[in-house]
Structures are given as structure tokens and as C-alpha cells.
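>>> let me see the structure of the following:
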Amino acid sequence: MGAKFWFFYSAFFVFVFPLFFSFSGGFLWSPIWATISFCIGIIAWCIFIYKIYARTIVQPLKTQRNIHRLLEDGKRVQGTVQDKVILLKKQQEDTEMMEIAVSFQNLEGTPVNKVFQFVDTKPHLKRYETGRTVDLCLSRTFQVPAIILADTQTRFSWKTGVFACLFVIAYMLGTFVWHYATFSNGHGWRFLSLWHPWLMTPFMGLLLFNLPFLLDRFFGGGKDREEKLLLFGKKATAMVQRAEQTGTYINEQPQIRYILKFTDDKGKEHVVTFKKIVSLMELHTVNADTQDILYLPEDPEQLTFC
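Residues are numbered from 1 along each chain as shown. A predicted model of the protein is given here:
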């Protein structure tokens, strides 16, 4: 399912679902307990608002600056388009959202492949057809993003971030005022408790809106790690000594624990345990005797399958 679906799905459980338990405000708690709950709520809301601000304003601006720096100082290499898929075509604006797979040599001279997803504003030029060469910029010192197309253009809008921050602030103040007017009955904020929906909302937001990033880091290894391997990694063929399911499933796809044995470019042998989420279409590869891997020379335990 698309990112928009999961965003609205998470937003429902963060901003709507807790309100179903507003009746809990009908119970009065001790002044000390209610005040502690109020202070914890204020802290949680401040953290949640800051995370929204960082995610929608600070991070996009940082990414934009990194892209500009990479375009100016990055190493330029040529790559070849191996595959192209049009994800969305807009007739009125004459643009295409596409995904292309590009093969190129990284900073270690290792041939690697990377998938780029972007909006092509000039599809009539057919710059990204299969077999065409494209220019890439590689970061000489690791940053995120570390590899971009040389003709990448960025545009940042404050509207989304400002709207998101103002919405959360308005929601925080509005729901507190409504609960106060409905349930205080002259007793101040004694309707508050640690499981009151006004307190649960920021905690639910911090959990659900960060869940995809946490899952990617714990089960997928993290995009930063993948980028670093593409930039500095070297290839090797690993012997699969063992491959078994861990019992963990992400989107009904099993996580496989591999025990791999390989020799690096200096002739040193390594035995590494590696976990990977395997799609159902690739389950037949799990029992293969060997796997082509990409590893970091300075830290051979950091690896991925090619």
C-alpha cells in the first residue's frame, strides 16, 4: 500500500482514535496525580511538535543543502540505465514519476546498481530510456543522500511543514480546552491521568509516525547503511553456511538469518551473521549455496546482498 494510505492510517490512530476514550475525563484524580499528568503531557507534546518540525522543515532543508553540496563537490561518474518503470504519468503537467535502475562503478571501482525514483519534468527528451548513459554525483565523504543524478533539481516549500506544526499545536490546545470545558466541573484539570487521550496522543504520534523508520533500521538495516555500502562497498562471493527463518514477518514477508563465510580483498576470512527480509518472490534463493555480497572493507560485518 502507498505511503499516503499509511500516513492517513497512522493519523487516524494518533488524532481520532484516542478521542473515543474521552469519557475517562469523567473520573476525578488527586491534584498531585493530575498535575504530574499535566506536566508529562506538556513535555510529550513539546517533543512531538519538535519531531514534526524536524521531520517536515529541518530535515528537508538539510537534504536540500546536502544535494547542492554534492552537485558542487561530488565525484562525477557515468552510469547506464538498466531498467525503467513509469509509476505515474500526468498529462496536463506533462511530467512522469518514474523509477530507474542504474549500474555504475562506486568509489572503490566496484560495479553496483542503484534504484532512483523521481519526477521527470521533460519526458519528451527520453533521457532515461534503457541503455542510455546518465551522469551521477558520488559523495567523496559520506553524507545522505550519497548518490544522486547529476541533473537533480530540488524545490522546498514551507507550506507542508508550517501547516503540520500549526495543526498539531491547534489540536493540542483545542482538545485540552474542550476536555477542560466538558469534564473539569470546577475541579481544574483533575480529569487528567496518564491514560487520558490528551496525553496518549503525543505518545501515539511519536510511536506510529516513527514506526517505518524504526522497522527499516532494525529489520532492513537502515537506508544510510545501504547508501554507504553502495558508495564504498566491495564485492565478494559468500558461502551460505546456514539460512533459517527468525520467526519475524514484515508485511507477511519472512526475515531470514544467514550465516555467511567469505574472504575479503586482503585474503582475510570472515564469518558473519546477516538478517534480511526476503520477499515471497525470492524465497527460492534462500537455499542457494552461495550469495554475491557487497561489504565495507573497513568493517566487513557490514554487508548486503548484491
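
>>> just the helices from the stretch 201-306 of the chain, written as ranges.
Counting by DSSP state H, counting those that start in this stretch, one finds helices in the stretch 201-306 of the chain at the ranges 211-215, 223-232.

>>> tell me which of those helices sits nearest to Phe305.
helix 223-232 (10.2 Å; CB to CB). The C-beta positions use only the backbone N, C-alpha and C, and glycine is treated the same way.

>>> helices or strands next to the closest one in the packing?
The contact analysis (3 or more CB pairs under 8 Å, 6 or more residues apart in numbering; DSSP states H and E) places helix 223-232 against strand 147-149, strand 290-296, strand 299-305.

>>> and of those strands, who's closest to Trp33?
Trp33 lies closest to strand 299-305 among the helices and strands packed on helix 223-232, at 47.8 Å (CB to CB).

>>> that closest one: which residues count as buried?
Neighbour counts using 16 or more other CB atoms under 10 Å place 300, 302-304 of strand 299-305 among the buried residues.

>>> how about stretch 110-128?
110, 112, 114, 116, 118, 120, 123, 128.

>>> start to end distance for it?
23 Å (CA to CA, to the nearest Å).

>>> contacts made by it with the rest, please.
81-82, 84, 87, 89, 94-106, 132, 134, 147-149, 151-152, 230, 233-235, 294, 306 (CB atoms under 8 Å, 6 or more residues apart in numbering).

>>> please apply the same query to stretch 193-203.
14-15, 18-22, 24-25, 27, 29, 33-34, 37, 40-41, 44-45, 47-48, 171-172, 175-176, 179, 192.

>>> which secondary structure element of the protein has the lowest mean pLDDT?
One helix or strand of the chain scores below all others by mean pLDDT, DSSP states H and E: helix 211-215, with a mean of 66.

>>> still on that earlier bit, among the contacts of stretch 193-203, which ones are buried?
Buried subset of those (neighbour count, 16+ other CB under 10 Å): 14-15, 18, 22, 24-25, 29, 34, 37, 41, 44-45, 48, 171-172, 175-176, 179, 192.

>>> in helices only, show me those.
With helices taken from DSSP state H, the overlap with the buried ones among the contacts of stretch 193-203 comprises 34, 37, 41, 44-45, 48, 171-172, 175-176, 179.

>>> phi and psi next, for Ala267.
One thing to correct before we go on: residue 267 is Gly, not Ala. Gly267 adopts backbone torsions of phi 90, psi 10, taken as degrees, to the nearest 10.

>>> if I look at it, how far off is Ala236?
Per CB to CB, to the nearest Å, Gly267 is found 11 Å from Ala236.

>>> between the two, who's got more neighbours?
Ala236 (20 against 6; other CB atoms under 10 Å).

>>> what about the residue nearest to that one when sequence neighbours are not counted, distance to Lys235?
Spatial nearest neighbour of Ala236, chain neighbours left out: Phe262 (4.6 Å); criterion: CB to CB, 6 or more residues apart in numbering. Phe262 is 10 Å from Lys235, where distance means CB to CB.
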